[in-house]
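Student: What shape does this take:
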Amino acid sequence: MDRAMKAAILLMDNCFGTGINGILDALIAANYSLIKSGAMPLFEWELVSLDGNRVTPTNGLRIEADCDLASFIARPEQPDIWIIPGIYQSASNFEKVQTAMRQSEVMVPVLQRHVVDNKMIVCMCTGAFLLAQADLLGKNPALMHWRNEHHFRRAFPHLTIDSQNTIAEYGNLLCSIGGSMAYEYLVLRLVERFAGHQTAINTAKLLMMDLNAPPAAPYRAHQYQPEHQDALVQQAQLYLQRNSSQDISMVEVAQELNISDRQLKRRFAAALDCSPLQYLQRLRVNQACSLLEATQLPSNKIVLEVGYQDESSFRRLFKKQMAMTMESYRQQFGIQHQQHMAVG
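Tutor: Numbers count the residues shown, from 1 in each chain. Just a heads-up that it's a prediction; the model follows:
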């Protein structure tokens, strides 16, 4: 490009502070890579809070704002990019989510005008709630940290969630899940789009990280289960958890609870958004993940431990759910060395 790309980064209290700093670090690294290659720096940015005051992220390390929102949007020249980090950081309290959504409502017309002007929005994690408020997702699925998905479904039951990808591009809308590294990966995608592939590679190497984001699935092992009030499904869950390594028939589970197989499936779908069999499969894959993380037990033994007799069948299931093989999962999350006792 022949001019700088101007970005506005939204700041809100209780946001993910490490993510904000990660965005800035990645933008600075991109500009440095361009300068070292003989080009001009590409990105300029301002930090914008709703009232112009500094904000306090969840880590307590306050971040100073450059401008308040009202003054910023009153300027004749508006940014090329709005960057929307997570607008809140609470995985357990829906009331806090609602409060954050009310506070961020003032951004809805700002982002809607930005889209009308054919400009770009970069959104991370719970920033997806703001996109949904502004009705900017359309039929596209939202991305966020898996710990926030149950809140999103409650707030926007008509919208869908992409639980598999780390980053998604919908035209001028660039979205990512949460977590520390997702912010840098998203900026790398932004760099690649506007500064080219080589600059993105150089920036990634400067930050000592991969250019392409890993799949989201492996990080969802042992994921949070949404709360529900269906006592019968809770009983079924407990039964499956206690007997997950056994040969279980869902008809037998239904009989144990004195309901039909059909009723059991319907109530699981309503409470957990999955079938009883899918829930059991998740339990077994999660148990395999735990064994891969904490033991040196061979993969074929792990398959038997979690209740499968057909190794190839379980390997297919594991790869489908985790987006990697059992061996790759162990390499990424397992014990890499044995500790030795000091001699003395």
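Student: all contacts plus neighbour counts: C-alpha atoms, from now on.
Tutor: Noted.
Student: Any stretches of the stretch 151-300 of the chain with poor pLDDT?
Tutor: Counting by pLDDT under 70, the stretch 151-300 of the chain shows low-confidence ranges at 221-226.
Student: Show me where the stretch 1-150 of the chain has its strands.
Tutor: 5-11, 43-49, 67-68, 81-84, 120-124 (DSSP state E, counting those that start in this stretch).
Student: Contacts for the third one next, please.
Tutor: Where contact means C-alpha atoms under 8 Å, 6 or more residues apart in numbering, the residues beyond strand 67-68 that reach it are Glu46, Leu47, Val48, Ser49, Leu50, Asp51, Gly52, Asn53.
Student: Name the member of those with the shortest distance to Leu317.
Tutor: Distance ranking of the contacts of strand 67-68 against Leu317, using C-alpha to C-alpha, places Leu47 first at 44.4 Å.
Student: residues contacting the closest one?
Tutor: Ala8, Ile9, Leu10, Leu11, Glu64, Ala65, Asp66, Cys67.
Student: before we move on, back to that, now the strands of the stretch 1-150 of the chain in a markdown table, please, with extra columns for distance to Tyr219 and mean pLDDT.
Tutor: Listed next are those as a markdown table, based on distance: least, C-alpha to C-alpha, whole Å; pLDDT from 0 to 100:
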| stretch | distance to Tyr219 | mean pLDDT |
| --- | --- | --- |
| strand 5-11 | 26 | 94 |
| strand 43-49 | 30 | 95 |
| strand 67-68 | 36 | 95 |
| strand 81-84 | 23 | 94 |
| strand 120-124 | 17 | 93 |
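Student: quick one: contacts for Cys175?
Tutor: Val122, Cys123, Met124, Cys125, Ala128, Ala142, Leu143, Ile167, Ala168, Glu169, Leu186.
Student: returning to what we had before: identify, from the contacts of Leu47, the entry nearest to Ala100.
Tutor: Closest to Ala100, out of all of the contacts of Leu47 and judged by C-alpha to C-alpha, is Leu11, at 11.9 Å.
Student: For the residue nearest to that closest one when sequence neighbours are not counted, name its beta-bridge partners.
Tutor: Of all residues not flanking Leu11 in the chain, Ser49 sits nearest, at 4.7 Å (C-alpha to C-alpha, 6 or more residues apart in numbering). Under DSSP bridges, the beta-bridge partners of Ser49 are Leu11, Asp68.
Student: Count the neighbours of Ser49 for me.
Tutor: As a burial measure, Ser49 scores 24 neighbours (other C-alpha atoms under 10 Å).
Student: Widest-spaced pair of the contacts of Leu47?
Tutor: Every pair of these checked by C-alpha to C-alpha; the farthest is Ala8 and Glu64, at 13.7 Å.
Student: Surely Ile177 is in contact with Met144?
Tutor: Yes. The pair Ile177 / Met144 is scored as a contact, 3.9 Å apart, by C-alpha atoms under 8 Å.
Student: Need the residues touching each of those two.
Tutor: Common neighbours of Ile177 and Met144 (criterion: C-alpha under 8 Å, 6+ apart): Met124, Cys125.
Student: the helices in the stretch 51-200 of the chain, which residues?
Tutor: 69-73, 94-104, 107-116, 127-133, 149-155, 180-195, 197-207 (DSSP state H, counting those that start in this stretch).
Student: of all the ones you listed, which lies closest to Arg330?
Tutor: Nearest of these (C-alpha to C-alpha): helix 180-195, 20.1 Å.
Student: Give me the distance from that closest one to the chain's centre.
Tutor: 15 Å (C-alpha atoms, centre = their mean, to the nearest Å).
Student: Any buried residues in that helix, and which?
Tutor: Of all the residues in helix 180-195, those buried under the rule 16 or more other C-alpha atoms under 10 Å are Ala182, Tyr183, Glu184, Tyr185, Leu186, Val187, Leu188, Arg189, Leu190, Val191, Glu192, Ala195.
Student: Between those, which sits nearest His114?
Tutor: Leu190 (17.1 Å).
Student: quick one: the closest one from Gln164, how far?
Tutor: Plainly put, Leu190 is 20 Å away from Gln164 if you go by C-alpha to C-alpha, to the nearest Å.
Student: And Ser313, by the same measure?
Tutor: To Gln164, Ser313 is 21 Å away according to C-alpha to C-alpha.
Student: the more surrounded of these two?
Tutor: Gln164 (16 against 11).
Student: In contact with the more buried one: list those residues for me.
Tutor: Gln164 neighbours (C-alpha under 8 Å, 6+ apart): Pro215, Ala216, Ala217.
Student: can you count the residues close to Lys36?
Tutor: 12.
Student: scratch that, Gln235
Tutor: Neighbour tally, Gln235, other C-alpha under 10 Å: 14.
Student: do the same with the one 4 residues further on
Tutor: Neighbouring residues of Tyr239 were enumerated by other C-alpha under 10 Å; the total is 14.
Student: Doesn't it belong to a helix?
Tutor: Yes. Tyr239: assigned to a helix according to DSSP: H, G, I helix; E, B strand; the rest coil.
Student: wait, what's in contact with it?
Tutor: Val253.
Student: returning to what we had before: how about the contacts of Leu47 in TSV, adding distance to Arg330 and neighbour count?
Tutor: TSV is the format used below for the contacts of Leu47 (distance: C-alpha to C-alpha, whole Å; neighbours: other C-alpha atoms under 10 Å):
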residue	distance to Arg330	neighbour count
Ala8	40	23
Ile9	37	22
Leu10	38	24
Leu11	37	31
Glu64	41	15
Ala65	42	21
Asp66	45	17
Cys67	46	19
